[in-house]
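> fold the stuff below for me.
(3 chains)
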Amino acid sequence: MFARPLGRIALGLALWAAAAPPARALDSLPAITVFAAASLSESFQALGAAFEAKAHGHVTFSFGASSLLVTQLQQGAPADVIATADETTLAKAGDLIGAPRTFARNRLAIAVEKGNPKTVQGLADLARPGLAVVLAAEQVPVGKYGKEALAKAGVTVTPRSLEPDVKAVLNKVALGEADAGIVYATDVTAAQGKVDGVEIPAAQNVSANYPIAVVKKSQSAEAAQAFADFVLSPEGRTVLARYGFAAP
Amino acid sequence: MLEARLELSLGELELRLDLSVGAGEVLALVGPNGAGKTTTLRALAGALRLDAGRIALDGRVLDEPARGTFVPPEARAVGMAFQDRLLFPHLTALDNVAFGLEARGLGRLAAQARAREALARVGAGGLAGRRPAALSGGQAQRVALARALVLAPRLLLLDEPLAALDTLAREALRDELRRQLAGFAGATVLVSHDADDAKALATRTLHIEAGRVES
Amino acid sequence: MSRAPRLLLVPALVAAGLIGVPLVALVVRAPWPELSRALAGDEARNALGLSLVCSLSATALSLVFGVPLAWLLARVDFPGRRLLRALVTLPMVLPPVVGGVALLLAFGRRGLLGGALGALGIQLPFTTAGAVLAETFVALPFLVVAAEAGFRQIDPRFEEAAAVLGAKPGFALRRVTLPLAAPALRAGAALCWARALGEFGATITFAGSFPGRTQTLPLAVYLALEHDPDAAIALSLVLLVVSVAALVALRDRWLGA
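Numbers count the residues shown, from 1 in each chain, chains lettered A, B, ... in the order given. Next up, the predicted model:
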């Protein structure tokens, strides 16, 4: 009684399997999970796509504040690779990771509303009374760097808010709630016209070194290593450069 | 003196009733469920508006759609004991009786004093501090009666005052009611589904069915 | 004692465990030695104080504006009532961050009403008032739903009786309707307060996060989690203790259970 419908289902499955793309290509390496800093969102997704296109296995990303990602790793979250926005934060992961390698550098920039209506020209302008400035909290790498840059420039700023990650800072500016915020140069590029960027001269600017490391407990060590190597490769560097990162 | 010509449609009920009750008179409305008895009382109290007709109490027009006159229930000199008593559950018997007086502007202490007297007059003096939930059927009915009488109304409306009572309580309450009604100077309209109760308490009885007087 | 079918016991225990185990874990795994250090700081005290002020204000606002709305929804049949009710309960299903964005689009600098507010000199984003508004936005529906149910379960004949006895609408509302609805209103207010206290997404999106001004306890926990997990646990415990204390204190006397 069940033979007929079962037979049809089996036939259907066989046809579907035959029509599917060669399974071999995506199965060459197991899937991996990559933890990456919020500022790496766009660039790493591009890297992930390129990595998969080379038939190297499926990549899933989890983006967030570097410090939060390390905490999650310490609490046992399953990640195979981790890339953060500063070396100090990654160092806190201690024994959990292999030797970190710097794969990119990022510099700070001031994000302003499109068209720069408040004519912000530099860090000194951020101290202007009545200007709505938003920064990232000090506990977040970009917040720490921002504080350093402001100290270098000798500027004291009273921010309206101390956001928990750099994308939140960017969003406040993009939504028009804040006049200016200190973000990474790459964030301005990634915002694609929703905000304008004001350069911070090298003398005041702070360079962020982005390290990447393989998680020791990874179930797919080979694939994890392959991804990390890919990020450090010339091809990887080209992709990163497209998003505004500088070479390490 | 109550003069009423009622024309009212409520759901499936079409009420067409002419009433006339003099001072000291007790008119009983008797009929089956759904006949329109409670609806009549609600219209007289002002909880329902007439579609057409006229209600006048002691010469004062309370409701006349044709002239656009309508006196809201809180402004009518009407005292009512409701079906199912409807004693406010969150108030003591005393505060229940005092409610109408306070609503009409009397101060709390004065209202409570008058309420105490009213409770005593209906034989419920010892129940002042009790909540409705702690009252028996007969006791609750006395409190409801006191709540209506304390307002010294010109028109007294009683909706099924003897319903849901055991035989003993019924007898006692019937006697109590007869006493109170004898001493009441205004007009009374009483509703009952029991013809015997009506006969015992009323000076005149009207049989209603489906919104009209049974012919 | 009524005989409950044994079948109910298992899922009931699972439900209790789902809530209970994480909370117990929070207490058991708390770094008790470090707690005093973590709590002594200004950060914790500021965050707690701000949380209490904002959540209580949000509850007060919810009562003042929500109870009349609930009464309207319960007692008055007007065109569009169903739509209004659905609208008011929307924040309950909306992700809080989305609520925050919506608030920005309405009351932010470039928002629908932002210009008008700005002209009056009122700024809401990045202010404590903004945090209160965000909390009210997410918590008000809880009060309205509870209050409407409370009003509905009052026999409307009581209100009619009150009128016939001589009560004008205002008197009847004060002396009959509200007292009879009081248990439901209190339960709704407690729920509303709890929701406001724990609010995160809408607050951080609309009001931002600044210590002493808009950084409520949940925001402080989130930030602490990133750099100092011990402090995060300590702050979480504070929130837990305050909530439990309040709900326990209210339960017998007020929630009428």
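
> show me where pLDDT drops low in chain A?
The model of chain A has pLDDT under 70 over residues A:1-28, A:55-56.

> so where do the strands sit in chain B?
B:2-10, B:13-21, B:26-30, B:52-57, B:60-64, B:69-70, B:78-81, B:155-159, B:187-192, B:204-209, B:212-213 (DSSP state E).

> which other helices and strands contact the fifth one?
The reference is to strand B:60-64. On a contact count with 3 or more CB pairs under 8 Å, 6 or more residues apart in numbering or on different chains; DSSP states H and E, strand B:60-64 meets strand B:52-57, strand B:69-70. In short, each C-beta sits where N, CA and C put it, glycine included.

> would you map the helices across the stretch 151-257 of chain C?
Counting by DSSP state H, counting those that start in this stretch, the stretch 151-257 of chain C has helices at residues C:156-165, C:169-172, C:178-198, C:201-206, C:217-227, C:229-253.

> typo on my end, chain B
Along chain B, the stretches classed as helices by DSSP state H are B:37-45, B:93-103, B:108-121, B:137-149, B:167-182, B:195-201.

> I'd like the helices and strands packed on strand B:60-64 as TSV, with mean pLDDT and mean neighbour count appended.
Below are those laid out as TSV (pLDDT from 0 to 100; neighbours: other CB atoms under 10 Å in any protein chain shown):
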stretch	mean pLDDT	mean neighbour count
strand B:52-57	94	19
strand B:69-70	94	14
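
> of those, which is nearest A:Ala221?
Nearest to A:Ala221 among the helices and strands packed on strand B:60-64 is strand B:69-70; the distance by CB to CB comes to 86.9 Å.

> how about the most centrally placed residue in chain A: what's its closest non-neighbour residue?
Nearest residue to the geometric centre of chain A (CA atoms, centre = their mean): A:Leu40, 1.7 Å. Computed as CB to CB, 6 or more residues apart in numbering or on different chains, the closest residue to A:Leu40 that is not its neighbour in sequence is A:Ala83, at 6.0 Å.

> what is the least confident helix or strand in chain C?
Among the helices and strands of chain C, helix C:32-40 carries the lowest confidence by mean pLDDT, DSSP states H and E, at a mean of 73.

> give me the residues contacting that one.
C:Ala44, C:Arg45, C:Asp228, C:Asp230, C:Ala231, C:Ala234, C:Leu235, C:Leu237, C:Val238 (CB atoms under 8 Å, 6 or more residues apart in numbering or on different chains).

> quick one on the thing from earlier: which stretch among the helices and strands packed on strand B:60-64 comes nearest C:Arg109?
In terms of CB to CB, the element of the helices and strands packed on strand B:60-64 nearest to C:Arg109 is strand B:69-70, at 52.5 Å.

> hmm, back to that, which of the contacts of helix C:32-40 lies closest to chain B?
C:Val238 (37.7 Å; CB to the nearest CB).

> same list (the helices of the stretch 151-257 of chain C) but as a markdown table, adding mean neighbour count and distance to B:Leu156.
Below are the helices of the stretch 151-257 of chain C laid out as a markdown table (neighbours: other CB atoms under 10 Å in any protein chain shown; distance: least, CB to CB, whole Å):
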| stretch | mean neighbour count | distance to B:Leu156 |
| --- | --- | --- |
| helix C:156-165 | 22 | 12 |
| helix C:169-172 | 16 | 21 |
| helix C:178-198 | 21 | 26 |
| helix C:201-206 | 27 | 58 |
| helix C:217-227 | 23 | 61 |
| helix C:229-253 | 16 | 41 |
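
> let me know the secondary structure of A:Ile110.
Secondary structure assignment for A:Ile110 (DSSP: H, G, I helix; E, B strand; the rest coil): strand.

> and the nearest residue to it once chain neighbours are set aside, how far from A:Gln225?
Closest residue in space to A:Ile110, ignoring its immediate chain neighbours: A:Val198 at 4.1 Å, by CB to CB, 6+ apart. Distance, A:Val198 to A:Gln225, by CB to CB, to the nearest Å: 39 Å.

> what's the closest non-adjacent residue to residue 159?
Because you didn't say which chain, this covers chain A. Distances taken as CB to CB, 6+ apart put A:Leu135 closest to A:Pro159, at 4.4 Å, once the chain neighbours are dropped.

> wait, chain C
C:Ala172 (5.6 Å).

> again, but for A:Asp95
Spatial nearest neighbour of A:Asp95, chain neighbours left out: A:Lys216 (7.3 Å); criterion: CB to CB, 6+ apart.

> distance check, the residue nearest to B:Glu160 when sequence neighbours are not counted against B:Thr39.
Residue nearest to B:Glu160 in three dimensions, not counting chain neighbours: B:Gln83, with 4.9 Å by CB to CB, 6+ apart. Relative to B:Thr39, B:Gln83 is positioned 11 Å away (CB to CB).

> and the two? Which one has more around it.
Higher neighbour count among B:Gln83 and B:Thr39: B:Thr39, with 23 against 19, using other CB atoms under 10 Å in any protein chain shown.

> show me what contacts that one?
Per CB under 8 Å, 6+ apart, neighbours of B:Thr39: B:Leu8, B:Leu10, B:Leu13, B:Leu15, B:Leu48, B:Gly211.

> just put those in CSV and tack on distance to A:Ile97.
Converted to CSV, these look like this (distance: CB to CB, whole Å):
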residue, distance to A:Ile97
B:Leu8, 84
B:Leu10, 80
B:Leu13, 83
B:Leu15, 87
B:Leu48, 80
B:Gly211, 88
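
> run through those residues and flag the ones next to chain A.
Checked against chain A using CB under 8 Å from any CB of the partner chain, the contacts of B:Thr39 yield no neighbours at all.

> buried ones among these?
Neighbour counting by 16 or more other CB atoms under 10 Å in any protein chain shown classes B:Leu8, B:Leu15, B:Leu48, B:Gly211 among the contacts of B:Thr39 as buried.

> looking at the residues you listed, which is nearest C:Arg251?
B:Leu48 (42.6 Å).

> which residues does the closest one contact?
Going by CB under 8 Å, 6+ apart, the list of residues near B:Leu48 reads B:Leu8, B:Leu10, B:Thr39, B:Arg42.

> before we move on, back to that, as CSV, the contacts of B:Thr39 with pLDDT would be great.
Listed next are the contacts of B:Thr39 as CSV, based on pLDDT from 0 to 100:
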residue, pLDDT
B:Leu8, 93
B:Leu10, 90
B:Leu13, 89
B:Leu15, 92
B:Leu48, 93
B:Gly211, 85
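
> farthest-apart pair in those, please.
In terms of CB to CB, the contacts of B:Thr39 reach their longest pairwise distance at B:Leu48 and B:Gly211, which sit 13.0 Å apart.

> tell me the residues of chain B that contact chain C?
Neighbours of chain C within chain B, by CB under 8 Å from any CB: B:42, B:45-47, B:72-74, B:76, B:78-80, B:82, B:84, B:86, B:88-90, B:99-104, B:147, B:151.

> tell me which two of the contacts of helix C:32-40 sit farthest apart.
Largest separation among these by CB to CB: C:Arg45 and C:Asp230, giving 16.9 Å.

> count of neighbours near B:Gly138?
B:Gly138, neighbours per other CB under 10 Å, totals 20.

> check contacts around it.
B:Leu165, B:Asp166, B:Ala169, B:Arg170, B:Ala172, B:Leu173.
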